[in-house]
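Visitor: Show me how the following folds:
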Amino acid sequence: MKFVLAGFAGSGKTTLFNAMTGLDVPVGYGGQVRVGTVRVPDPRVDFLSRAYSPKKTTHATINLKDVPGEYGGKPHVLSPGALHQIRDREALCLVLRDFVNPALDAAPDPVGDLLAFHDECVLSDLGIAERRLDRARKERADVREIGAFETAVAALEAGRALRQVPRDELYRGFLKGYGLLTDLPLLAGVNVDEDRVGEPLDSGLAAGIAEMGGAGMILSARVEAEIAALDPEDQTEFLEDMGLAEPTLARFIRAAYSLMDLISFFTVGPEDVHAWTIRRGMVARRAAGRIHSDMERGFIRAEIIPYGVFADFGTEQAVKDAGRMRVEGKEYVVVDGDIMYVRFNV
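Guide: Numbering: from 1, shown residues only. All right, here's what the predicted structure looks like:
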């Protein structure tokens, strides 16, 4: 999964990026794009690893990009280059400042920042959609493509994000490859001071995010940086002192998975316990292709153990003895937590 952290200068997104990736990118590093990897925490993977004692344990990961938030000294403008860097992502996390930053003169205005970012994305998408619509008409392209871009242009001219347009009204197959920003799933992270990290999201801000078709959450980049600097055994005590059940990273991952309708299935054995990320609703044959293309091409069947069943019985052999391992065909819809053995022949 490829995610981007975006936001205006001083929002704290680079501090959050460092905490999530374990990197040490200097804050205000001069406009360079940085990319890091975030391991997806999953206690199910840890449990399976203890059960199988494999040579390798592979968690799912997120590829995270930190895009510069300042251009030409204007704190509420993103450069065309920064917007372009967002276009190759699968989802967008917008970091909104809701804390006093001594480096900035302006008071925090997360609602204003949300609207400013939305307006920039709408204008950028509108330019792309209008140009493609003009070409499609001149080229006498497929009427369905012309209709898709007419719908997109009409929505953008009205100030709507494309993610708000229902699927039965906008055929997105023709929009692929254009990287339209307002069609990306949106997760807004409201960055607050340490003493506010347990607060709920402001109702007005939550309504504004929802109106744009996104989801929102409260976070504190400063707290996450402190947690990341601690030894694992000290993190639990720190979280308890802060009144938090878990780090923001875990909530961020869950929100991102929910937003993109993602699930995980597992392959297990003495060599590797591996988590694989797929879209909800994917059938077994296509899911097998995530492991290796040969498995999809030569798919015969999948042997399935639901994670909950494995956890109840404790061992694979106990599951088999109880007759709880299932055999499924290529059209079986994979369920979150399935442990899958793929039988194939090429």
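Visitor: so for the host helix or strand of residue 116, what's the average pLDDT?
Guide: Take DSSP states H and E as the rule and residue 116 turns out to sit in helix 110-138. For helix 110-138, the mean per-residue pLDDT is 95.
Visitor: next one: that helix to chain centre, how far?
Guide: In terms of Cα atoms, centre = their mean, to the nearest Å, the centre of helix 110-138 is set 22 Å apart from its chain centre.
Visitor: and it, what does it pack onto?
Guide: Contacting helix 110-138 under the criterion 3 or more Cβ pairs under 8 Å, 6 or more residues apart in numbering; DSSP states H and E are the following elements: helix 80-86, strand 91-97, helix 143-157, helix 203-211. In this view, the C-beta of every residue, glycine as well, is placed from N, C-alpha and C.
Visitor: for it, which positions count as buried?
Guide: Within helix 110-138, the residues that qualify as buried are 110-111, 113-114, 116-118, 120-122, 124-126, 128-129, 132-133, 136, counting by 16 or more other Cβ atoms under 10 Å.
Visitor: Tell me, please, where in the stretch 1-150 of the chain the pLDDT is lower than the cut-off.
Guide: The model of the stretch 1-150 of the chain has pLDDT under 70 over residues 28-31, 70-77.
Visitor: run the last query once more with 80
Guide: Where the stretch 1-150 of the chain drops to pLDDT under 80, the residues are 25-32, 68-82.
Visitor: Likewise for the stretch 201-346 of the chain?
Guide: If you take pLDDT under 80 as the line, the stretch 201-346 of the chain has these spans: 232, 243-246, 248-249.
Visitor: which residues in it form helices?
Guide: Per DSSP state H, counting those that start in this stretch, the stretch 201-346 of the chain carries helices over the ranges 203-211, 221-229, 232-242, 248-260, 284-291, 293-297, 307-313, 316-321.
Visitor: tell me the most buried of these?
Guide: Of the helices of the stretch 201-346 of the chain, the one with the most neighbours on average (mean count of other Cβ atoms under 10 Å) is helix 284-291, at a mean of 20.
Visitor: quick one: contacts of that one?
Guide: Residues external to helix 284-291 that are found in contact with it (Cβ atoms under 8 Å, 6 or more residues apart in numbering): 265, 267, 274, 276-278, 295-297, 299, 302, 328-334, 340, 342, 344.
Visitor: Do you know the pLDDT at the residue nearest to residue 183 when sequence neighbours are not counted?
Guide: Spatial nearest neighbour of residue 183, excluding adjacent residues (Cβ to Cβ, 6 or more residues apart in numbering): residue 162 at 3.9 Å. Residue 162 carries a pLDDT value of 97.
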